[in-house]
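K.L.:
generate coordinates for the sequence data below:
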Amino acid sequence: MEKKKKGKFSLRKLIYNDKYLIIISVICAVVIWIATSMNLSPETTKTITVPVPVDFSESAAEQLGLKCYGDESIDVDVTVKCKKYIAMDITAEDINVSLQTNYVTKSGNIDVPIRVEAGERSDFEIQSYYPTTYKAYFDVESEKVMDVELSYDSDDFIADGYIMGQTLLNESSVTVRGPKTYVNQVDKVYCDVLLNNKKLSASENITVTPVAVDRYGASVSYVSLLNSKGEALSSIDLTIPVLKQTVLPVSVQFINNPAKVDTSKFDIRYSVSKVDAGVLDEADITSAEIGQIDFSKLDIGKNEFTFNVQNLDSIIILNSVKEITATVTVPNSYEKKNISVSKQNIKVSNLTDDFKYEVISVSSNRVTAIGKRADLSAIDTKNVILSVNATQNTKTVEEGTYTLDITPTVEGSDACWIYGSYTAEIRIYK
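P.N.:
All right, here's what the predicted structure looks like:
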């Protein structure tokens, strides 16, 4: 079969072919339109918000020990000029905005210039921007600890028959921190206590807001208040204890007393037998307990103990009494017995497994036991236990030689006690 000859390309035929001519015309028109649009497109402006972090690290301010007290970040509105067709493509990432940190070389209120530049793109120009400066206060950081004061909206807010106890704050003092110049201006930190004309007959819990003010009562700028953990403090919990007024008999509490010793048989007298007091209504307090008496302090006959009564738990003494003396008389029906002791009677408590101890000496080779004759006759050296707390002088067990107080007890008897003070010299080692 005879092969068909390939047709030769002919420009003339292409030009006179309507179909191809239309396609070429459309392509040329689009190219011309694009080129014309790019060169002759009208210009426009666009405002872009650029977030700027405030950072003065590795600057002259940091080297001078100056800290910035102002916004941690700012927004700069930048207006750019460009061809209309590219405006929508320009974003904040195409613009470089920075603070001229080298301008800060001293303390005080300073306007730090802001620099704005186009990034890698060159198809737009910066027309304007705002703000043009960053305003802040610069100073050396300082701090001081101050007690929190309370300011009540009324002087008479306790109901008749009641009194106010010592107010309690979960943060009674705060740390004032900020620029040295302004920290020095702080005269006090106080909280307004708003009770709105209430008459309190029960304890009240209120949340109050601390404010740092100068000597004229104006709030001090730039300073912050911190709690005891160094955390920002915006509020404080306040408890106002309200106590009922009453008359209470005075009493003492005996500790380390033998179970079968009846203290009601002892003659106990007080320099003040009754006191006017304020007590918590719900606490069901029936006497003013002024302190504790350890049985090791009780000898046969009269024993005097003086107690400070100005800071008693759950009780406020309303009289002008500051001290009360309790005189405890142990009846003559009790007798004494001297019992020999030695290092073998010592027992050391609160000693961890990795420590050992050696008793170097005991302050006395005998102790005085007190009890009824029949009870005393049944005890001897083997019944006396001399207990020593290894952490008496330290929070944790530590190696060393210590002179420690002894707590003596009579084992196997609940009717006798050891009178007097004794010590032991103990060496603690690993």
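
K.L.:
quick check: which element contains Glu125?
P.N.:
Assigned by DSSP states H and E, Glu125 belongs to strand 124-130.

K.L.:
mind listing what's buried in that strand?
P.N.:
The neighbour-count check on strand 124-130 (16 or more other C-beta atoms under 10 Å) flags 124, 129 as buried. Every C-beta, even on glycine, is put in place using the N, C-alpha and C of the backbone.

K.L.:
run through the neighbouring helices and strands of that strand.
P.N.:
For strand 124-130, the packing partners by 3 or more C-beta pairs under 8 Å, 6 or more residues apart in numbering; DSSP states H and E come out as strand 73-83, strand 108-118.

K.L.:
export those to CSV and tack on mean neighbour count?
P.N.:
Shown next, in CSV, are these (neighbours: other C-beta atoms under 10 Å):
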stretch, mean neighbour count
strand 73-83, 17
strand 108-118, 15
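
K.L.:
export these to TSV and tack on distance to Asn332 and mean pLDDT?
P.N.:
Listed next are the helices and strands packed on strand 124-130 as TSV, based on distance: least, C-beta to C-beta, whole Å; pLDDT from 0 to 100:
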stretch	distance to Asn332	mean pLDDT
strand 73-83	85	94
strand 108-118	83	93
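
K.L.:
partners of the strand holding Glu125, with directions?
P.N.:
If you go by DSSP bridges, strand 124-130 pairs up with strand 73-83 (antiparallel).

K.L.:
what lies in contact with the strand it pairs with?
P.N.:
Residues outside strand 73-83 that contact it (C-beta atoms under 8 Å, 6 or more residues apart in numbering) are 38, 41-54, 90, 95, 97, 114, 116, 118, 123-131, 134.

K.L.:
spit out the contact partners of Ala424.
P.N.:
Contacts of Ala424 were listed using C-beta under 8 Å, 6+ apart, and they are 346, 359-363, 386, 388, 403-404, 406.

K.L.:
re earlier: out of the helices and strands packed on strand 124-130, which comes closest to Leu233?
P.N.:
Proximity to Leu233 (C-beta to C-beta) singles out strand 73-83 among these, at 23.6 Å.

K.L.:
got the CA coordinates for the helix or strand that comes right after that closest one in PDB?
P.N.:
Per DSSP H and E, the first helix or strand lying C-terminal to strand 73-83 is strand 95-99. Extracted in PDB, the C-alpha atoms of strand 95-99 (Å, rounded to 0.1, in the frame of the first residue of the first chain):
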ATOM      1  CA  ILE A  95       6.100  43.800  57.700                       C
ATOM      2  CA  ASN A  96       8.900  44.100  60.300                       C
ATOM      3  CA  VAL A  97       8.000  46.100  63.400                       C
ATOM      4  CA  SER A  98      10.500  46.500  66.300                       C
ATOM      5  CA  LEU A  99      11.200  48.700  69.300                       C
END
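
K.L.:
give me the pLDDT value at Asn303.
P.N.:
If you check Asn303, the pLDDT there is 97.

K.L.:
what sits closest to Thr381 if chain neighbours are left out?
P.N.:
Distances taken as C-beta to C-beta, 6 or more residues apart in numbering place Ser340 nearest to Thr381, at 5.4 Å, with adjacent residues excluded.

K.L.:
revised request: answer the last question for Asp405.
P.N.:
Thr423 (5.8 Å).

K.L.:
hmm, that neighbour is touching Thr407, no?
P.N.:
No - the criterion here is C-beta atoms under 8 Å, and Thr423 misses it with Thr407 at 11.0 Å.

K.L.:
quick revisit: okay if I get the helices and strands packed on strand 124-130 as CSV plus distance to Val26?
P.N.:
Shown next, in CSV, are the helices and strands packed on strand 124-130 (distance: least, C-beta to C-beta, whole Å):
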stretch, distance to Val26
strand 73-83, 25
strand 108-118, 37
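
K.L.:
how about those strands, which one is nearest Ile268?
P.N.:
Closest of these to Ile268 is strand 108-118, at 70.5 Å (criterion: C-beta to C-beta).

K.L.:
ok, back up a step: tally of neighbours for the residue nearest to Thr381?
P.N.:
Neighbour count for Ser340, taken as other C-beta atoms under 10 Å: 12.

K.L.:
now do the strands in the stretch 201-350 of the chain.
P.N.:
Using DSSP state E, counting those that start in this stretch, the strands of the stretch 201-350 of the chain run over 204-208, 210-213, 224-226, 236-240, 242-255, 267-270, 274-280, 288-294, 301-308, 315-317, 323-330, 335-340, 346-349.

K.L.:
alpha carbons only: can I get the last one in PDB?
P.N.:
So the one you mean is strand 346-349. Extracted in PDB, the C-alpha atoms of strand 346-349 (Å, rounded to 0.1, in the frame of the first residue of the first chain):
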ATOM      1  CA  ILE A 346      17.100   5.900 128.700                       C
ATOM      2  CA  LYS A 347      15.000   5.300 125.600                       C
ATOM      3  CA  VAL A 348      15.500   7.500 122.600                       C
ATOM      4  CA  SER A 349      12.500   8.200 120.300                       C
END
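
K.L.:
which elements pack onto that strand?
P.N.:
Looks like strand 346-349 contacts strand 356-362, strand 384-389, strand 423-429 (3+ C-beta pairs under 8 Å, 6+ apart).

K.L.:
could you list the paired strands of that strand along with their orientation?
P.N.:
The sheet places strand 346-349 alongside strand 384-389 (parallel), with pairing taken from DSSP bridges.

K.L.:
ditto for the longest one
P.N.:
With DSSP bridges as the test, strand 242-255 is paired with strand 162-164 (antiparallel), strand 274-280 (antiparallel), strand 288-294 (parallel).

K.L.:
please consider this matter closed, and thank you.
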